[in-house]
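Quick one, structure for this:
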Amino acid sequence: MLGERIRKLRKQKKMTLEALAGDALTKGMLSLIENNKANPSIDSLSYIAQQLGVEVTDLLEEVSSQELREVLEKAEKIFNQDFEEVNDQYKQLITLIEPYASRLANGYESARLLDIYSRSLYYEKRDGWHELLEKAAQIYDQMNLTSRRASLGVFRSVEKFFAHDYTESLHIHLSERRKIETTHAYIDPMTRLLLDYHEAALFFAIGDTESATRVMNEAITFSKENRIFYLIDDLYRLAAGYAMMSKNVEEREYYIRKLNQYEEFTDDNNSKWFVDLIHIESLLTEQHEYAKAINIIDTALVNEKKPDYYQPYFLVEKGRALFGLGYFSEALHCFKEIKIPSNIHHPFDLSIFYIADVFIALCHLEQNNLKAAIQSAKKAMENYNPLPNTLYKEFCISTYQNIKIKKQAEE
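Purely as a prediction, here's the structure:
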């Protein structure tokens, strides 16, 4: 009610009835207005708004802009906290925003709260988030907030990506990009790089390496020419990862140099651990320096500065190195310790983890346990089937066929 909103704002401003009434109103009339026993004239309403330092629309709206700003400030603090520090952050956000959700109609605060609220509903596996996200997108479009709108487009695409429906994810991404480029006259450089990076990653995910490398290289060139290095490390890692997968040594070494330069310039440890993993990969597959690889891996595994999500990657490489040295029991133990992180969805990353089952099969084969070998090889095949072709997948297929032939020979 209008009177209650006036009273709430007056108390927030620490104003007395006399102070708010000033010379234009009596204390008694203002009290009647606050108790919804009298309706102010337009002139009186304008005066009250001026005294409170708000717009008249803030008094007439069910939720004032100031109140929404306060709610948004709280929401942003929760939303931007590290997920590991606040396990129930999405539940907190839903509780905070839900009372306002049906009244969020226009303006940045409404759009951003709808944005955060819809994402929170998605992560908590609750219904209704699609419609709220669309409402936020429409407000962002009306306000020409391109970067926010693009972020929603990426989120829509990522939802299918998380479900490993890479084709549909790419389709949504391209559709969203067309809408944004049609609706917004100017796409700022950082938004363009965000869209390019996700587009390249999705083209790689469906196995369209030609389109992926074209978009990726265009993004890298654009970044260099405009001296805007937003996501450049992610683009370099994507390029180096593809070079590793395709065994393009020259490209791989080029992007490793770029990542090393980036690390030196920014002190970015993320690039360091990624480069270490690629170096280990070359030690295992090209140089067969298994003992040297294990020394690097063991040092990394106990390094507390290493982000936790790199741990299972190093375990995969250690298992492969132990297999190369002929320590099959130790390799099996190492592979069985690996748990694929829940946030891993890209086929490049999944290919690295699925290779563990291929080596488990080979370990069982070396130990003359043909039944266990075929089971693990079959499991690896099932995992690799929906993924695009890579050298990892080819290795899986050839391993499965060889074990299958040996099993048939025994029978």
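
Convert the helix or strand of the chain with the lowest mean pLDDT to PDB, retaining C-alpha atoms only.
Here the helix or strand of the chain ranked lowest by mean pLDDT, DSSP states H and E is helix 56-60, holding a mean of 74. Only the C-alpha atoms of helix 56-60 are listed here, as PDB (Å, rounded to 0.1, in the frame of the first residue of the first chain):
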ATOM      1  CA  VAL A  56       7.000   9.500  -7.600                       C
ATOM      2  CA  THR A  57       6.900   6.200  -9.400                       C
ATOM      3  CA  ASP A  58       8.900   4.700  -6.500                       C
ATOM      4  CA  LEU A  59       6.000   5.500  -4.200                       C
ATOM      5  CA  LEU A  60       3.400   4.300  -6.700                       C
END
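
Remind me what it packs against, helices and strands.
Packing partners of helix 56-60 (3 or more CB pairs under 8 Å, 6 or more residues apart in numbering; DSSP states H and E): helix 2-12, helix 42-52, helix 65-79. (C-beta placed from N, C-alpha, C; glycine too.)

so which of those helices comes closest to Leu325?
With CB to CB as the criterion, Leu325 lies closest to helix 65-79 of the helices and strands packed on helix 56-60, at 47.2 Å.

Show the average pLDDT along the closest one.
Mean per-residue pLDDT for helix 65-79: 91.

List the buried residues for the helix or strand Asn295 falls within?
Using DSSP states H and E, Asn295 falls within helix 290-301. By neighbour count on 16 or more other CB atoms under 10 Å, the buried set for helix 290-301 is Tyr290, Ala293, Ile294, Ile296, Ile297, Ala300.

who's in contact with Leu20?
Arg10, Leu30, Ile48, Gln51, Leu52 (CB atoms under 8 Å, 6 or more residues apart in numbering).

can those residues go into JSON lines with extra columns for pLDDT and neighbour count?
Putting these into JSON lines (pLDDT from 0 to 100; neighbours: other CB atoms under 10 Å) gives the following:
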{"residue": "Arg10", "pLDDT": "89", "neighbour count": "19"}
{"residue": "Leu30", "pLDDT": "88", "neighbour count": "25"}
{"residue": "Ile48", "pLDDT": "90", "neighbour count": "25"}
{"residue": "Gln51", "pLDDT": "89", "neighbour count": "20"}
{"residue": "Leu52", "pLDDT": "89", "neighbour count": "20"}
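
still on that earlier bit, between the buried residues of helix 290-301, which sits nearest Glu281?
Ala293 (8.8 Å).

pLDDT value on the closest one, please?
97.

That one touches Leu277, doesn't it?
No - applying CB atoms under 8 Å as the test, Ala293 and Leu277 come out as separate, 10.5 Å apart.

Excluding sequence neighbours, find me the nearest residue to Tyr140.
Counting by CB to CB, 6 or more residues apart in numbering, Tyr140 lies nearest to Arg149, which is 4.0 Å off, once chain neighbours are set aside.

How many neighbouring residues does that neighbour have?
Residues near Arg149, counting by other CB atoms under 10 Å, number 25.

From the chain's centroid, how far away is the strand or helix carrying it?
Under the criterion DSSP H and E, the helix or strand holding Arg149 is helix 146-162. Distance of helix 146-162 from the chain centroid (CA atoms, centre = their mean, to the nearest Å) equals 9 Å.

switch to numbering from 234
I'll keep to 234 as the first residue from here, and by that count the last item is helix 379-395.

Could you list the buried residues of it?
Within helix 379-395, judged by 16+ other CB under 10 Å, the buried ones are 379, 381-394.

out of those, who's nearest Gln299?
Arg381 (21.2 Å).

returning to what we had before: list residues touching both of Ala526 and Leu510?
Counting by CB under 8 Å, 6+ apart, the residues touching both Ala526 and Leu510 are Glu550.

Leu426 contacts Thr454, doesn't it?
No - if you go by CB under 8 Å, Leu426 and Thr454 don't touch, sitting 11.2 Å apart.

okay, these two: which has more neighbours?
The neighbour count for Leu426 versus Thr454, taken as other CB under 10 Å, is higher for Leu426 (23 against 10).

Can you point out the buried residues in stretch 400-416?
Quick answer for stretch 400-416 (16+ other CB under 10 Å): Ser402, Leu403, Ile405, His406, Leu407, Glu409, Arg410, Ile413.

can you pull the pLDDT of the third one?
This points to Ile405. 98.

Could you check which helix or strand contains it?
Counting by DSSP H and E, Ile405 is part of helix 399-416.

need the next SSE after that helix, C-terminal direction.
helix 422-438.

circling back: possible to save the buried residues of stretch 400-416 as CSV with distance to Leu305?
Output for the buried residues of stretch 400-416, formatted as CSV (distance: CB to CB, whole Å):
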residue, distance to Leu305
Ser402, 29
Leu403, 33
Ile405, 27
His406, 28
Leu407, 31
Glu409, 24
Arg410, 27
Ile413, 23
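
Chain neighbours aside, what residue packs nearest to Ile630?
Met614 (7.1 Å).

mind checking how far the one you found is from Trp362?
36 Å (CB to CB, to the nearest Å).

What of Phe436?
27 Å.

Ok, Leu250 next?
For Leu250, the distance to Trp362 - CB to CB - is 44 Å.

Looking at those two, which has the bigger crowd around it?
Trp362 (20 against 16).

I figured the more buried one was touching Tyr355, is that so?
Yes - here Trp362 reaches Tyr355: they are 4.5 Å apart, a contact under CB under 8 Å.

what sits against Asn268?
Gly236.

And Asp531, how close does it get to Ile588?
In terms of CB to CB, Asp531 sits 20 Å off from Ile588.

Can you say which helix or strand has Tyr469 in it?
Using DSSP H and E, Tyr469 maps to helix 465-478.

Run a quick neighbour tally on the closest residue to Ser279 other than its chain neighbours.
Spatially, and ignoring its direct neighbours in sequence, Ser279 is nearest to Val289 (5.8 Å; CB to CB, 6+ apart). Close neighbours of Val289, defined as other CB under 10 Å, add up to 14.
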